[in-house]
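# Below is the sequence, then the predicted model.
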Amino acid sequence: MNNKEKIIDLSLLGDRIKQIFYIKEAEFKLRRDGKTVDGFLKIADSSGEIEAIYWDLAKKKLPEIEKMQFAQIEGQVIKKKSDGQLQISIKSLEQALPSSLEDFIPSTTRDIGELMQKIDDKVSSIKNHYLKTLLLSFFNDPFFREKFKKAPAAKKLHQAYKGGLAEHTVNVTRLCEVICQIYPEVNQDFLISAALLHDIGKVEEYKLNGVIEHTDKGKLIGHIIIGTEMINEKIKQIKDFPEDLAVMFKHAILSHHGKFEFGSPKLPSILPAIALFYADDTDAKLNGLICLKEQNKNVDKKWSEWVWWLERSIYLAEQSIMEDINDQFEE
């Protein structure tokens, strides 16, 4: 493996690596001799992550390794006995600093300029004067726009990469458009506007410091409240913004996670808020599952490990089965 290759390129047993990775997770188990430990790591670069094992590590090196954020790792690609998934067997691990943190921030595969243009087009389509003014107060602000373009949609579960927020926002907005076509009773201007702004609090909930991290504000308050406060401040600056519209719009933002246990302080109680919750949940879960299947593409088993956020395991063989069936008809 040369220095330009990424984790996503690792596919051959025996591939040797020697380069800098971000240490995402690390767990150590003491051996019976009391002097050595086995290290179970998850290492990452901008293309993804992979499990790594460091056997028979001297116990005295633990304090040094536990402080490491980045390390130059030398090792070899092997297969896990339990499920056949590829992992790295570490030969050596040394503290290192990357030349660029950008190498460790995964990014959306979609063109960020095109995503922002889609958002601008949706803003232009809004007919309601107050809602359009509210949207423009955000998306015409260069400082906000730059933060929005770079923000992830999450730290782990879905669109957890640079540009993920813009991607997620466009997806949710498109789902909401379809809902409005099927159910004309749902006010389209209201729902599309709420979809465009539902996650804006994430520009302050997360920070990119080589990896995605929560800000103090994100941990203490969370993006739902942060976003509602941001919207409330803008509404105050819009002359004669109807109070009832302001209350309903903030309700849609506050309730878009749908349930108390998912972090919403209110349950969705108007049509657009209910529609927004399901559109948001649909994109988050489908993207999360697509990422999960991609992570398991080299696994020699049909079922994933337990997925805690779905409370079930996922059948992984569906795509290959369908491809085999389709190939039979093409022959």
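Right, received. Where do you want to start?
# number of nearby residues for the closest residue to Glu185 other than its chain neighbours?
In space, and not counting its chain neighbours, Glu185 is closest to Leu271: 6.6 Å by C-beta to C-beta, 6 or more residues apart in numbering. Bear in mind the C-beta positions are built from the backbone N, C-alpha and C, glycine included. Leu271 has 16 neighbours, counted by other C-beta atoms under 10 Å.
# Can you check the pLDDT for Leu271?
Leu271 carries a pLDDT score of 98 in this model.
# Quick one: residues contacting it.
Residues in contact with Leu271, defined by C-beta atoms under 8 Å, 6 or more residues apart in numbering, are Tyr183, Glu185, Val186, Asn187.
# Could you report the distance from it to Leu175?
Leu271 is 15 Å from Leu175, where distance means C-beta to C-beta, to the nearest Å.
# What average pLDDT does stretch 296-311 get?
On average, stretch 296-311 scores 81.
# meant to ask about stretch 79-95
On average, stretch 79-95 scores 81.
# need the contact list for Ile105.
Ile105 neighbours (C-beta under 8 Å, 6+ apart): Ser46, Tyr161, Lys162, Leu208, Gly210, Val211, Ile212.
# For it, grab phi and psi.
With angles defined as degrees, to the nearest 10, Ile105 sits at phi -110, psi 110.
# burial count for Ala160?
18.
# In contact with it: list those residues for me.
Counting by C-beta under 8 Å, 6+ apart, Ala160 has contacts Pro106, Pro152, Ala153, Ala154, Ile212, Cys291.
# Same question for Leu175.
Ala195, Ala279, Thr282, Asp283.
# now do Ile321
Contacts of Ile321 (C-beta under 8 Å, 6+ apart): none.
# Secondary structure element holding it?
For Ile321, the element it lies in under DSSP states H and E is helix 318-330.
# quick one, what contacts the closest residue to Asn128 other than its chain neighbours?
Sequence neighbours aside, Asp189 is the residue nearest to Asn128 in space, at 4.3 Å (criterion: C-beta to C-beta, 6+ apart). Contact analysis of Asp189 by C-beta under 8 Å, 6+ apart lists Ile126, Lys127, Asn128, Leu131.
# Please tell me how far the second one sits from Thr228.
Separation of Lys127 from Thr228 (C-beta to C-beta): 24 Å.
# Neighbour count for the two, which is higher?
Of the pair Lys127 and Thr228, Thr228 is the one with more neighbours under other C-beta under 10 Å, namely 21 against 8.
# Verify the contact between the more buried one and Gly201 for me.
Yes: at 7.4 Å, Thr228 counts as touching Gly201 under the criterion of C-beta atoms under 8 Å.
# What are the phi and psi values at the residue nearest to Glu185?
phi -50, psi -50.
# And what about the most centrally placed residue in the chain, helix, strand or coil?
The C-alpha lying nearest the average C-alpha coordinate of the chain belongs to Ala160 (C-alpha atoms, centre = their mean; 1.9 Å). Classification of Ala160 using DSSP: H, G, I helix; E, B strand; the rest coil returns coil.
# How about the contacts made by Asn232?
Ala246, Lys250.
# is it true that it lies in a strand?
No: applying three-state DSSP, one finds Asn232 to be helix, outside a strand.
# can you give me the helices for the stretch 151-300 of the chain?
164-182, 188-197, 202-205, 216-220, 223-236, 243-254, 271-295 (DSSP state H, counting those that start in this stretch).
# The fourth one - what's its average pLDDT?
When the per-residue pLDDT values of helix 216-220 are averaged, the result is 95.
# elements contacting the lengthiest strand in the chain?
If you go by DSSP state E, the chain has its longest strand at strand 16-30. Applying 3 or more C-beta pairs under 8 Å, 6 or more residues apart in numbering; DSSP states H and E, one finds that strand 16-30 makes contact with strand 36-45, helix 62-66, strand 70-79.
# and these, which is most packed in?
Sort the helices and strands packed on strand 16-30 by mean neighbour count, taking mean count of other C-beta atoms under 10 Å, and strand 36-45 sits at the top with a mean of 19.
# picking up where we left off before, can you list the contacts of Leu271 in JSON lines and add pLDDT and neighbour count?
As requested, the contacts of Leu271 are exported to JSON lines (pLDDT from 0 to 100; neighbours: other C-beta atoms under 10 Å):
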{"residue": "Tyr183", "pLDDT": "98", "neighbour count": "12"}
{"residue": "Glu185", "pLDDT": "97", "neighbour count": "7"}
{"residue": "Val186", "pLDDT": "98", "neighbour count": "18"}
{"residue": "Asn187", "pLDDT": "98", "neighbour count": "18"}
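# what's the most distant pair in the residues you listed?
Within these, Tyr183 and Asn187 form the most distant pair, 10.3 Å apart (C-beta to C-beta).
# tell me the domain ranges of this protein?
Domain ranges of the chain: 7-103, 105-289, per automatic domain parsing.
# Save these as JSON lines, and put in distance to Gln295 too.
Output for the domains of the chain, formatted as JSON lines (distance: least, C-beta to C-beta, whole Å):
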{"stretch": "domain 7-103", "distance to Gln295": "7"}
{"stretch": "domain 105-289", "distance to Gln295": "11"}
